[in-house]
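>>> fold the stuff below for me.
(one chain, ligands or ions: 1)
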Amino acid sequence: MAFDHKHLIDITEYSAEDIMQILETAVTFMEVNERKIKKVPLLKGVTVVNMFNEPSTRTKSSFELAEKRLSCDVLNFGGKSTSVVKGESLVDTLETLDAYKIDLVVVRDKHAGVPYLLSQHTPAAIIDAGDGKHQHPTQALLDLFSIWRSKGTLEGLHVGIVGDIGHSRVCGSLVPALKIMGCTVTLIAPQTLLPARPDVLGADYVTADLDAALPELDAVYMLRVQRERLEGAPFPSTREYNMLFGMTRDRERLMRPDAIVCHPGPINRGVELDSYLADHPERSVILDQVYAGICTRMAALYLLLGGSENA
Ligand code: CP
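Numbering: from 1, shown residues only. As a prediction, the model looks like this:
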């Protein structure tokens with residue numbers, strides 16, 4: 001089936017069928033990632049630029065590996081090592097790279113809207129790898145993949161997203177993605193960590209009572225408290241935050257027997273998530289999410305770059 005998107009910037013532009021096509025394609029790439037030689041020639045001759053202007057461990061490493069395992073030519077670029085520090089604009093930077101006839105740019109930036117801006121100035125495809133507090137669509141895809149693989153379905157699941165919703169680009173993509181796939185979504189946070197208009201995200205329920213919500217949930221998605229984006233003191237202490245909004249050993253008793261715990265990483269252990277649950281062999285799917293990152297990013301790259309037509 002042909003894939004009718006050039007960019008992956010806004011997950012709300014994708015239908016349930018588009019998302020399921022990416023997830024099912026990602027399943028086929030799991031097989032490649034289990035091989036001794038983890039490389040296929042599907043995107044040989046394609047040039048991809050990874051422009052990371054903000055720190056990243058998971059997203060950057062998994063994109064780079066995904067590209068290399070698909071046989072792309074990869075240019076890693078961004079941050080303080082570029083002429084942006086001398087005052088060159090991002091658009092001029094992109095137009096310079098375009099002169100090399102690049103095919104796709106993966107971009108992470110602290111400013112919301114940068115992926116869209118770049119898409120207006122290049123014939124290359126753009127993937128948003130996280131822009132400010134706005135969106136992180138490939139994170140949503142890998143989260144959907146992990147929940148789907150763990151629970152066997154997405155339709156009808158109830159997912160709770162807990163914590164720093166106001167600063168979360170993960171939430172900006174994950175809430176609409178879950179809704180597109182037929183899930184019920186509850187946001188659980190103190191008032192001070194909610195956006196001014198939480199309803200805009202499209203969740204079904206908003207509450208500050210984690211204990212009351214937990215018995216209803218099939219998946220508990222813990223968000224990182226984004227210390228680098230906090231202004232003022234949105235909660236009195238990390239100890240109090242952990243008591244009210246952390247997933248602790250005590251709280252596990254309130255979970256459904258088959259409910260899972262997700263986290264996009266990096267984790268603030270002992271703040272939003274205790275090690276007992278982060279490392280729990282049955283509950284935690286956090287390392288499955290990391291693995292899903294490479295499979296879903298291979299799928300997105302392959303489909304955006306015309307792989308389904310080539311096949
Ligand atoms: N989840 C996520 O985006 O992690 P990194 O910042 O390490 O890429």
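
>>> any idea of the mean pLDDT in stretch 85-98?
Mean pLDDT, stretch 85-98: 94.

>>> can you give the contact residues for that stretch?
49, 51, 53, 75, 77, 82-84, 105, 109, 114, 117-118, 121-124 (Cβ atoms under 8 Å, 6 or more residues apart in numbering). For the C-beta atoms, the positions are set from N, CA and C on the backbone; glycine is no exception.

>>> filter those residues to the buried ones?
Using 16 or more other Cβ atoms under 10 Å as the burial test, the contacts of stretch 85-98 include 49, 51, 53, 75, 77, 84, 105, 109, 114, 117-118, 122, 124 as buried.

>>> which one of those is nearest to Arg256?
Using Cβ to Cβ, Asp109 comes nearest to Arg256 of those, at 38.4 Å.

>>> that closest one - nearest residue in space that isn't next to it in sequence?
Spatial nearest neighbour of Asp109, excluding adjacent residues (Cβ to Cβ, 6 or more residues apart in numbering): Asn53 at 4.6 Å.

>>> how about Tyr221, phi and psi?
With angles defined as degrees, to the nearest 10, Tyr221 sits at phi -100, psi 110.

>>> meant to ask about Leu97
phi -70, psi -30.

>>> all helices of this structure, in order?
Per DSSP state H, the chain carries helices over the ranges 16-34, 58-69, 90-98, 114-119, 137-151, 169-180, 210-213, 238-245, 275-278, 286-304, 307-310.

>>> dump these into CSV; add distance to the ligand as well.
CSV is the format used below for those (distance: least, Cβ to the nearest ligand atom, whole Å):
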stretch, distance to the ligand
helix 16-34, 17
helix 58-69, 3
helix 90-98, 19
helix 114-119, 14
helix 137-151, 5
helix 169-180, 7
helix 210-213, 22
helix 238-245, 19
helix 275-278, 14
helix 286-304, 8
helix 307-310, 24
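
>>> for the ligand, what's the nearest residue on the stretch 201-311 of the chain?
Pro264 (3.8 Å; Cβ to the nearest ligand atom).

>>> and the nearest residue to that residue once chain neighbours are set aside, how many neighbours?
Of all residues not flanking Pro264 in the chain, Val170 sits nearest, at 4.9 Å (Cβ to Cβ, 6+ apart). Applying other Cβ atoms under 10 Å, we find 26 residues neighbouring Val170.

>>> can I assume Val170 is in contact with Leu142?
No - counting by Cβ atoms under 8 Å, Val170 sits too far from Leu142 to count as a contact (10.4 Å).

>>> the residue of the stretch 201-311 of the chain closest to the ligand and Asp143 touch, don't they?
Yes - counting by Cβ under 8 Å, Pro264 does reach Asp143; the two are 7.2 Å apart.

>>> who touches both of those two?
Counting by Cβ under 8 Å, 6+ apart, the contacts common to Pro264 and Asp143 are Val170, Gln289.

>>> check contacts around the nearest residue to Glu155 once chain neighbours are set aside.
Using Cβ to Cβ, 6+ apart and skipping the chain neighbours, the partner closest in space to Glu155 is Gly182 (3.9 Å). Contacts for Gly182 (Cβ under 8 Å, 6+ apart) come out as Ala16, Leu154, Glu155, Gly156.

>>> switch to 7 Å and redo it
Leu154, Glu155, Gly156 (Cβ atoms under 7 Å, 6 or more residues apart in numbering).

>>> you'd agree the first one is up against Asp143?
No - using Cβ atoms under 7 Å, Leu154 and Asp143 do not qualify as a contacting pair, with a distance of 10.4 Å.
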